[in-house]
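In: Predicted structure and sequence below. I'll ask about it afterward.
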Amino acid sequence: MNTATLVSIRNLVKTYQRGSEKIEVLHGIDLDIPKGDFVCLMGPSGSGKTTLLNLIGGLDSPTGGQIEFDGDRIDQMGSGKLTDWRAHHIGFVFQTYNLLPMLTAQKNVELPLLLTKLSASQRRQNASIALQLVGLQDRAKHKPSELSGGQQQRVAIARAIVSDPRLLVCDEPTGDLDRKSADEILSLLTQLNQEHGKSIIMVTHDPKAAEYAKRIVRLDKGTLVRDPA
């Protein structure tokens, strides 16, 4: 694994305002994610896992501290620049597949490319390559209702990788799947990590899912309690 750092987090704090009360969800987090890493983020409900994931993916901004992505301080980016940065560097995979029901798998995978300057034919070609990588090229013309849950998540992963992001941010990606389908998705993520060099950070409650990661990071009450090498 290339040990150069992809994500560097220092003294990260996230506070939310609820009425007159301030609630600090993350307390001074320090974390490094090397290039090529596959990190599993675990902890009890309410420990701040998804909050940390959203901050790393640029979906939210910290209250304090810094997040550096391959040398760029994303915590200092404005909303417009951050949107552009996400489109080029981050692929998101969620528990719910978030596929548009009226579109085919091919068209769903093409969606992120509509924000680029690629031609229609190049978008189709890139989406076909992504579907091939997840083993669903033969389902390109199927709509979500015609696919199993595992196949829909594969389409969602193809959509996440179609713009060739550096980091995949996965929030409970197997939470709605049976064990067999979950293992297939986790094997696919492992393949993307090992064979295609995608760095991955994944939130899960499932100890079996965590076994696929290279290391486990644990949060409890907004504090990093273990970060084994």
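Out: Done, it's in.

In: Buried ones in the host helix or strand of V217, by neighbour count?
Out: Element membership for V217 (DSSP states H and E) is strand 215-220. Neighbour counts over strand 215-220 (16 or more other Cβ atoms under 10 Å) mark 216-219 as buried. In this view, the C-beta of every residue, glycine as well, is placed from N, C-alpha and C.

In: what packs against that strand?
Out: strand 38-42, strand 223-226 (3 or more Cβ pairs under 8 Å, 6 or more residues apart in numbering; DSSP states H and E).

In: Would you list the phi and psi of R18?
Out: phi -120, psi 100 (degrees, to the nearest 10).

In: Kindly give the local confidence score, pLDDT, for the spatially most central residue of the chain.
Out: In the chain, the residue lying closest to the centroid (Cα atoms, centre = their mean) is V169, at 1.2 Å. Predicted confidence (pLDDT) for V169: 96.

In: dump the residue contacts of it.
Out: V169 is in contact with 53, 56-57, 90-93, 201, counting by Cβ atoms under 8 Å, 6 or more residues apart in numbering.

In: Check the offset of stretch 69-79 from the chain's centre.
Out: Stretch 69-79 sits 17 Å away from the centroid of its parent chain (Cα atoms, centre = their mean, to the nearest Å).

In: then it to PDB, C-alphas only?
Out: Extracted in PDB, the C-alpha atoms of stretch 69-79 (Å, rounded to 0.1, in the frame of the first residue of the first chain):
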ATOM      1  CA  PHE A  69      -7.200  16.000   1.200                       C
ATOM      2  CA  ASP A  70      -4.000  15.300  -0.700                       C
ATOM      3  CA  GLY A  71      -2.700  18.700   0.300                       C
ATOM      4  CA  ASP A  72      -5.900  20.700  -0.100                       C
ATOM      5  CA  ARG A  73      -7.700  22.200   2.900                       C
ATOM      6  CA  ILE A  74     -11.300  21.300   2.100                       C
ATOM      7  CA  ASP A  75     -12.400  22.900   5.400                       C
ATOM      8  CA  GLN A  76     -11.500  26.300   3.900                       C
ATOM      9  CA  MET A  77     -13.400  25.800   0.600                       C
ATOM     10  CA  GLY A  78     -16.500  27.700  -0.200                       C
ATOM     11  CA  SER A  79     -19.700  25.800  -1.100                       C
END
